[in-house]
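Student: quick one, fold the following:
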Amino acid sequence: MRFEKVSILSVEHVDPPVVLTSDEIEAQLQPAIRRLGVRPNLLLELSGIVERRLWGPGTPCSEPATWAGEKAIEAAGIDRSRIGALINTSVTRDFLEPSNACAVHHGLGLSEHCVNFDVSNACLGFVNGMDLVGNMIERGQVDYGLVVDNESSRPLIEATIPRMLDERLDEAAFRENFASLTLGSGAVAMVLARSELAAGGHRYLGGVSLAATEHCQLCRGNMDHMVTNTQALTEGGLRLAHRTWQRAVDVLGWTTQSHVHYAQHQVSKGHAEKFAGILGLDMAKIYRLYPTYGNVGPAGIAIVLSKLRQQNSLGGGDRVALMGIGSGINCTMAEIAW
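Tutor: So this is what the prediction gives:
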């Protein structure tokens, strides 16, 4: 999927106010840890996640997405009435219906002509949303589009800890629930535009994707329960990432030296390092989000991009790779010419 006319005008994130450390989670799990003989500091040791962030109790998932959208529209400096498409890509949501996009659309006061809907594809949702808006811009359907995402891990974490403390839970089930504790929260939004209308924008060039859906049973979750075969999911995802990288090399002309930054979806320390190792990437070019955010799902890639912009780490002409693996399993690698 290649784009000739699509640019990014803004990308902005909002941090949740509550910090929950891995030490605090482990303290709550002490009865199960002692009963099952689990070694201490396992969560921090395996994941490298020191802390993750949570929204306050009762915060609707759509609300922080609206806050991020407001920031992105303001940063883009455009009249919101010209936004022709809004796509929400969150895994977590207020209700099965209506879509979170409806609440965000209303909260932002967007035009009745602005098409709005949710897209869900695990941790790849945000990049998929960028592609959908990019296609609409490329075809001349809209001039501007907005992609938003907010992940809220509080409900799942608060449901998982009591489940792991159940004395009937064996060690295998304990480990199946373990990945739920690595999840974090955060909101992010991006305004994309037709390049001729985006003075000072950053070209979104598109990318490549591959699927390995024979692995669709390795991670299954809903708002209050997720079970994960972490080892099999990691191994299957990395094999797919390697094939997707080879496709990016062939189709997009990528090399291990071609990009200044890799905005990578990050699950944990081990995952990030294995991902870089199997592709031969320089870890110094990967902004490490996981230590203080955990796994923020589809919001992660765009939050990394927002933080790089915020820290003035992106220069004109820098090639930035967006790289993610979503349970299911799917893999996407895309590119921005900053």
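Student: element containing residue 189?
Tutor: Secondary structure assigned from DSSP states H and E places residue 189 in strand 186-194.
Student: name the residues of that strand that are buried.
Tutor: Of the residues in strand 186-194, 186, 187, 188, 189, 190, 191, 192, 193, 194 count as buried by neighbour count, 16 or more other CB atoms under 10 Å. C-betas here are computed from N, CA, C, even on glycine.
Student: and stretch 102-121, by the same measure?
Tutor: Neighbour-count burial for stretch 102-121 flags 102-105, 107-108, 110, 114-116, 118-119, 121 (criterion: 16+ other CB under 10 Å).
Student: what confidence value was assigned to residue 137?
Tutor: Confidence at residue 137, expressed as pLDDT, is 98.
Student: my guess is it contacts residue 196, does it?
Tutor: No - between residue 137 and residue 196 there is no contact under CB atoms under 8 Å: 10.5 Å.
Student: mean confidence score for the strand holding residue 189?
Tutor: 98.
Student: and the next helix-or-strand element following that strand, what does it pack onto?
Tutor: Sequence order places strand 202-211 as the next helix or strand after strand 186-194, per DSSP H and E. Contacts defined by 3 or more CB pairs under 8 Å, 6 or more residues apart in numbering; DSSP states H and E place strand 202-211 against strand 6-14, helix 125-138, helix 230-252, strand 330-337.
Student: residue 335 bridge partners, please.
Tutor: residue 206, residue 321 (DSSP bridges).
Student: and it, how many neighbours?
Tutor: Using other CB atoms under 10 Å, the number of residues around residue 335 comes to 23.
Student: ok, now which ones touch it?
Tutor: Shown in contact with residue 335 (CB atoms under 8 Å, 6 or more residues apart in numbering): 204, 205, 206, 207, 252, 254, 259, 319, 320, 321, 322.
Student: rewinding a little: tell me which of the helices and strands packed on strand 202-211 lies nearest to residue 71.
Tutor: Evaluated over those, closeness to residue 71 peaks at strand 6-14, with 3.9 Å, by CB to CB.
Student: from the chain's centre, how far out does the closest one sit?
Tutor: 14 Å (CA atoms, centre = their mean, to the nearest Å).
Student: who touches it?
Tutor: 64, 67-68, 71-73, 75-78, 133-134, 137-138, 144, 186-195, 198, 200-204, 206, 299, 302-303, 305-307, 309, 336.
Student: only whichever of those residues are buried, select them in PyMOL.
Tutor: In PyMOL, this line selects whichever of those come out buried by 16+ other CB under 10 Å:
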select buried, resi 64+67+68+71+72+73+75+76+78+133+134+137+138+144+186+187+188+189+190+191+192+193+194+195+198+201+202+203+204+206+299+302+303+305+306+307+309+336
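Student: re the thing from before, which of the contacts of residue 335 sits closest to residue 227?
Tutor: Among the contacts of residue 335, and counting by CB to CB, the member closest to residue 227 is residue 322, at 28.3 Å.
Student: surely that closest one touches residue 263?
Tutor: Yes - in this structure residue 322 lies within contact range of residue 263 using CB under 8 Å: 5.0 Å.
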